[in-house]
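Trainee: Here is a sequence with its predicted model. Questions after.
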Amino acid sequence: GDQSRELLRKLGTYGVSNKSWMARKASVEILISISPTGLLCAKAVTDVWKREKKQAVKDSIEKFFEHYKHDLSVSSNGALTCDVDLLDCTEENLEGYWTSDIDM
């Protein structure tokens, strides 16, 4: 329902884009574990994937793409094609991971 979509949006916004790489990794793995619902945060995962430098998080993101490969495709330039309406997990004034110079 609406409540679970809101929780999912928060996970995509504050978890997948967290300044802590461990939080990013855990969030992506949660999205895989709650399949097929986790697919709704594919845009958030793809946005982080484009900037991610931490190998452990990249590995989890690759697993995410592998897990949902029948439902989405990502081109080499990061363009996302998906069969479902994805959640918008962007927050206007979110101090997200890419605004931080700290490698946590």
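Mentor: Happy to help now that I have it.

Trainee: In contact with the residue most central in space within the chain, which residues?
Mentor: Most central in the chain under Cα atoms, centre = their mean is Val45, positioned 2.3 Å from the mean C-alpha point. The contact partners of Val45, taken as Cβ atoms under 8 Å, 6 or more residues apart in numbering, are 12, 16, 28, 31, 61, 64-65. Yep, even glycine has a C-beta here, placed from its N, CA and C like the rest.

Trainee: so who does Lys25 touch?
Mentor: 54, 56-57, 60.

Trainee: Now flag whichever of these is closest to Leu72.
Mentor: For the contacts of Lys25, the residue nearest Leu72 by Cβ to Cβ is Ser60; the value is 15.8 Å.

Trainee: what helix or strand is the closest one on?
Mentor: helix 55-67 (DSSP states H and E).

Trainee: If you count neighbours, what's buried in that helix?
Mentor: Neighbour counts over helix 55-67 (16 or more other Cβ atoms under 10 Å) mark 57, 60-61, 64-65, 67 as buried.

Trainee: How about stretch 44-57?
Mentor: When neighbours are counted by 16+ other Cβ under 10 Å, the buried residues of stretch 44-57 are found to be 44-49, 52, 57.
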